[in-house]
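Participant: Sequence and computational prediction follow.
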2 protein chains.
Amino acid sequence: MQLDQRKTMILQAIIDDYINTAVPVGSRTISRKSGVGYSPATIRNEMSDLEELGYLAQPHTSAGRVPSVKAYRLYVDELMKDSRRLTSDERETMSETLSGRSRKIEAIIRNAATMLADTTHYTAVIVAPQLSTLRIRHLQLVPVSDKLALMIIVTNLSIVKDALVRIPEGIDADELYAISRTLTRRLADKPLDAVRQTFSEILRESGTYRRLMGEALSVIEKKLEEEDDASDIVVSGGPNLLNYPEFSDVNKAKNYFAVLESKEVLRELVRRDGGMDVTIRIGPENGVPALNDCSVVTANYRAADDAMGTIGIIGPIRMDYNRVMSILEYVSRALSEILSDMQ
Amino acid sequence: MQLDQRKTMILQAIIDDYINTAVPVGSRTISRKSGVGYSPATIRNEMSDLEELGYLAQPHTSAGRVPSVKAYRLYVDELMKDSRRLTSDERETMSETLSGRSRKIEAIIRNAATMLADTTHYTAVIVAPQLSTLRIRHLQLVPVSDKLALMIIVTNLSIVKDALVRIPEGIDADELYAISRTLTRRLADKPLDAVRQTFSEILRESGTYRRLMGEALSVIEKKLEEEDDASDIVVSGGPNLLNYPEFSDVNKAKNYFAVLESKEVLRELVRRDGGMDVTIRIGPENGVPALNDCSVVTANYRAADDAMGTIGIIGPIRMDYNRVMSILEYVSRALSEILSDMQ
DNA sequence: TGTTAGCACTCATTTTGGTCGAGTGCTAAC
DNA sequence: GTTAGCACTCGACCAAAATGAGTGCTAACA
C-alpha cells in the first residue's frame, strides 16, 4: 500500500486539524472541510489505511484519530514545503524588539528569548555563546588580595569572564599589568582554543614570571573545559505550555519544569548538531525521556562566520512547526547580524 | 470573648494538623489527640467560638475548619516561640554543602539556593548582592574598538561588573591603563555610592582626560541606578510546590510560574525591610496578588557589616514556618560568614 | 471498480440518583 | 462547664443510564 495523493491530502488535513484543536479528528470533520470532495465513509476507509501504514493512531475504538510521530515527520519533511511566510508586519516587530536599546550580549539574548516565547506562545531557550568559540581581546590580572588575583578575560562581543589565580606574594599591581600585557599580546585575536597551542611557547619566554604565567594559562584552560559544557542558558515562557491541554496534568507540568530547571538536560535538549539551518526533533527524537511529548525546534546563530550558540523552541508535539520554523530562521539570522556587527 | 488557654491550645492543634495534612480538621481529630482531655462536642463549641473570633473558617457547612491568615499570624508571632531546633546532623550537612568547592560568589549563591529548595521542599529565592552595597577594588578600561572601551569594575567579593564607555579616537591601551590607575586610586575601597561625592573632585584633577573621566564616572552612576533595582535573583525548586495539593490546579501553577519568571515581581516579593532577622509574610501580606495563597519567609545576609542581599522561601500558606525559620536563620548566618571571609 | 448511504456497534463522557460518612449545631442531661 | 445524643448538611463516591461521536462493515449505486 502506498501513500497516493489522496491519502497524503487527507493526512495533511488531519494533522492541520489536530494541531489546531488537540482533539482526535474524525472522518466527518475532514469530509466537511472545503476542498475535500469525499464522504465520511470514504475518508474512513483511507484513515483505516493510514492507520495500518503507521501514520495515525486511535486513542480508543470510538474516537477519532491522532497523528503519529511518523506522520509529523512526514509532515515536517515533505508536506510543509510551502513555508508559510511571516507577514512583514511580524518581521518588523521582531526586528525592532531585537535591536532594542541594549548593547550587551546578555541583555540581547534575554530579550530575544522573551520575544520568542511571546510570539510563539511556546517555551524559548537560548544558549549563549560558548567560551571556546570566542576570541580573546584582552587579558587583565587584577589583585584582590596578597595571594590572589582576578584574571579577567575580555573576548569579542565584549563578553567578560573571570577566574581567580594564585599569585606569588609581594607582586604589585604594575607587575601584574606588565604580565597582563604580555599575555594579551600573545593571545589577542586567537580563538580561546588556541591557548593550548601557544602554551609552551609563552612559557619559554616568560622568564621571572614563569610560574604565574603557567598558572594563568592553566586557569584559562580549566575555564574552557568547564564552561564549554556549562555556557549560560536562558529560558523564557516556561508557563506558556500550561495553556495547552497536553499539560493539564499537574504531574506532567512538574516534570516539565524540572527539566527547565536543569541546565544540563536543557543543553542536551538543544544540542547543536549538523550544519542544518533548522533542526526539528519530534517527540521521543529529542532524546530526553521526560519530554517524550514535546518537540524541540532549534537553529544556530553565528557571529561573522563562527557558530556561536543555539536558539530553540520547546512545544507540544502538535506544535505549529511551520510558523516556529519560520520564526527561528528569521530570528537566528537577525541575531547573527546583530552579533556580527558587534564584533 | 477572649483567647483563653484552652482555645489557644485547640487552635494550635488545628494549625499543626492542617500544616501536616492540608485537610480541613474536624472536632473528632482534635479530641483524639493525646493531651487533649475533651470530647468532640466541647471542641466543637470552642471551634465555633474561634470561628467567630476570625481564627478559623469553614470551606462548607459539613467540613472541618481551616486556619485563617489571622490564625497563622498568631501562630507565628506567639505560639511558635519554642523554635524547633535543627538537628546537628542537618546543620552539618548544610554547612558542608555551603562551603563547597567554589569560591565564586555566583556559584555559592546558586548552590545555596538549590540546597534551600532541597531541604525545605519549597521554592528558594536568593537576591545577589546589590551593586551599591559593594566597595570598589579596581577599575579597568579595556579597549574593544576605536570608539569604545569596556570599563570593568572589580568590587569586593570579587564581583565583576562591566559597561561600555565611549572613548576619544586615537587613545591607546597604555593611556587607558593610566586613566584606570587614577580612577582606581581615587575610588578604591569606597562604597560605590561614594562615587557621586568624589565626582567633581576627580574631574577637577583629571586634566587632558577630563571628558573620558566624566563619561566613565557617569557610566558608573548609571550602572548603579540600573542594577540597584535589577540585581541578580536566583530561583530554585519552583516545581517543588507542585507537590502540594494547593497547586493541583494547573491555572494556579501557571500563575505561580509566571511570577517566578518575573524578576521584578520576585524582587518585590522578597524586598528587604527593617533590620528584622527573619521576616514572615503570610498570604496576602506578601503584597503580590497572584501569590495570595503563598507565604514568603525571608532573611538578610551580610558581608562583614554591610547588608548584602536576601534569601527567601516561598511556600503554601500552611508551610512549616518553624522549620523554615530555623533553616533561613542558619543559612543566612552561614552565608554571611562565608562572604565575610571572602572580603 | 471506486464511492457512498445505512446501520449496528463501541466506548468515553456526562448525567442522574442514591448511599456513605465526616462533620456540624443544638438540646438536654449529667 | 462538659458531654452524649441526634437531626441535619453536604461533599465524595459509585453505579447505572443516557448521550453522542466515531467506527467498521455491507450492500447498493454510478
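Facilitator: Thanks, I have the structure now.
Participant: Nearest residue to residue A:128 in space, please, no chain neighbours.
Facilitator: Leaving out its chain neighbours, the residue that sits closest to residue A:128 by Cβ to Cβ, 6 or more residues apart in numbering or on different chains is residue A:232, at 4.0 Å. All C-beta spots, glycine's among them, are computed from the backbone N, C-alpha and C.
Participant: my bad, should have said residue A:251
Facilitator: Among residues not flanking residue A:251 along the chain, residue B:242 sits closest, at 8.0 Å (Cβ to Cβ, 6+ apart).
Participant: swap in residue A:294?
Facilitator: With Cβ to Cβ, 6+ apart as the criterion, residue A:294 has its nearest non-adjacent residue at 5.4 Å, and that residue is residue A:314.
Participant: which parts of whichever strand or helix holds that neighbour are buried?
Facilitator: Residue A:314 belongs to strand A:306-316 when assigned by DSSP states H and E. Of the residues in strand A:306-316, A:308-316 count as buried by neighbour count, 16 or more other Cβ atoms under 10 Å in any protein chain shown.
Participant: do stretch A:10-22 as well
Facilitator: Of all the residues in stretch A:10-22, those buried under the rule 16+ other Cβ under 10 Å are A:10-19.
Participant: Next, give phi and psi for the residue in chain A that DNA strand C sits nearest to.
Facilitator: Nearest residue of chain A to DNA strand C (Cβ to the nearest atom of the strand) works out as residue A:62 at 2.7 Å. Residue A:62 adopts backbone torsions of phi -100, psi 30, taken as degrees, to the nearest 10.
Participant: So is stretch A:37-54 next to DNA strand C?
Facilitator: Yes - Stretch A:37-54 is in contact with DNA strand C by Cβ under 7 Å from any atom of the strand, via A:37-39, A:41-42, A:45.
Participant: Skipping its backbone neighbours, what lies nearest residue A:65 in space?
Facilitator: residue A:56 (4.1 Å).
Participant: same question, residue A:117
Facilitator: Residue A:117's closest residue in space is residue A:237 (Cβ to Cβ, 6+ apart), at 2.5 Å.
Participant: I'd say that neighbour and residue A:124 touch.
Facilitator: Yes - counting by Cβ atoms under 8 Å, residue A:237 touches residue A:124, with 5.3 Å between them.
Participant: Mind listing the shared neighbours of the two?
Facilitator: Shared contacts of residue A:237 and residue A:124 (Cβ atoms under 8 Å, 6 or more residues apart in numbering or on different chains): A:113-114, A:116-117.
Participant: Which residues of the stretch 1-150 of chain A lie near DNA strand D?
Facilitator: Counting by Cβ under 7 Å from any atom of the strand, the residues of the stretch 1-150 of chain A that sit close to DNA strand D are A:23-29, A:40-41, A:44, A:47-48, A:51, A:58, A:61-65.
Participant: Filter those down to just the ones in helices.
Facilitator: Among these, the ones falling in helices (DSSP state H) are A:27-29, A:40-41, A:44, A:47-48, A:51.
Participant: Nearest residue to the residue in the stretch 201-343 of chain A that DNA strand D sits nearest to in space, please, no chain neighbours.
Facilitator: Residue of the stretch 201-343 of chain A nearest DNA strand D, by Cβ to the nearest atom of the strand: residue A:245 (15.2 Å). Closest residue to residue A:245 apart from its sequence neighbours, by Cβ to Cβ, 6+ apart: residue A:22 at 5.1 Å.
Participant: could you measure that neighbour against residue A:186, distance?
Facilitator: 59 Å (Cβ to Cβ, to the nearest Å).
Participant: Turn the buried residues of stretch A:10-22 into TSV, including pLDDT and distance to residue A:87.
Facilitator: Converted to TSV, these look like this (pLDDT from 0 to 100; distance: Cβ to Cβ, whole Å):
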residue	pLDDT	distance to residue A:87
A:10	95	29
A:11	95	27
A:12	94	23
A:13	94	24
A:14	95	27
A:15	96	23
A:16	94	19
A:17	95	23
A:18	96	25
A:19	95	19
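Participant: Select from those every entry located in helices.
Facilitator: Going by DSSP H, the helices hold A:10-19 from those.
Participant: and residue A:234, that one's in a strand?
Facilitator: Yes - when DSSP: H, G, I helix; E, B strand; the rest coil is applied, residue A:234 is found to be in a strand.
Participant: now the helices for chain A?
Facilitator: So, for chain A - with DSSP H - the helices run A:5-21, A:27-32, A:40-52, A:69-74, A:88-98, A:105-120, A:173-187, A:195-205, A:210-228, A:250-261, A:263-269, A:321-342.
Participant: one step back: look up how far chain B lies from the residue nearest to residue A:128.
Facilitator: To chain B, residue A:232 is 11 Å away according to Cβ to the nearest Cβ, to the nearest Å.
Participant: May I have the predicted confidence score for that residue?
Facilitator: Here, the pLDDT recorded for residue A:232 equals 88.
Participant: quick one on the thing from earlier: buried subset of the shared contacts of residue A:237 and residue A:124 as a PyMOL selection?
Facilitator: Selection of buried members from these for PyMOL, criterion 16+ other Cβ under 10 Å:
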select buried, chain A and resi 113+116+117
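Participant: From the shared contacts of residue A:237 and residue A:124, pick the one nearest residue A:73.
Facilitator: Closest approach to residue A:73 among these (Cβ to Cβ): residue A:116, at 23.7 Å.
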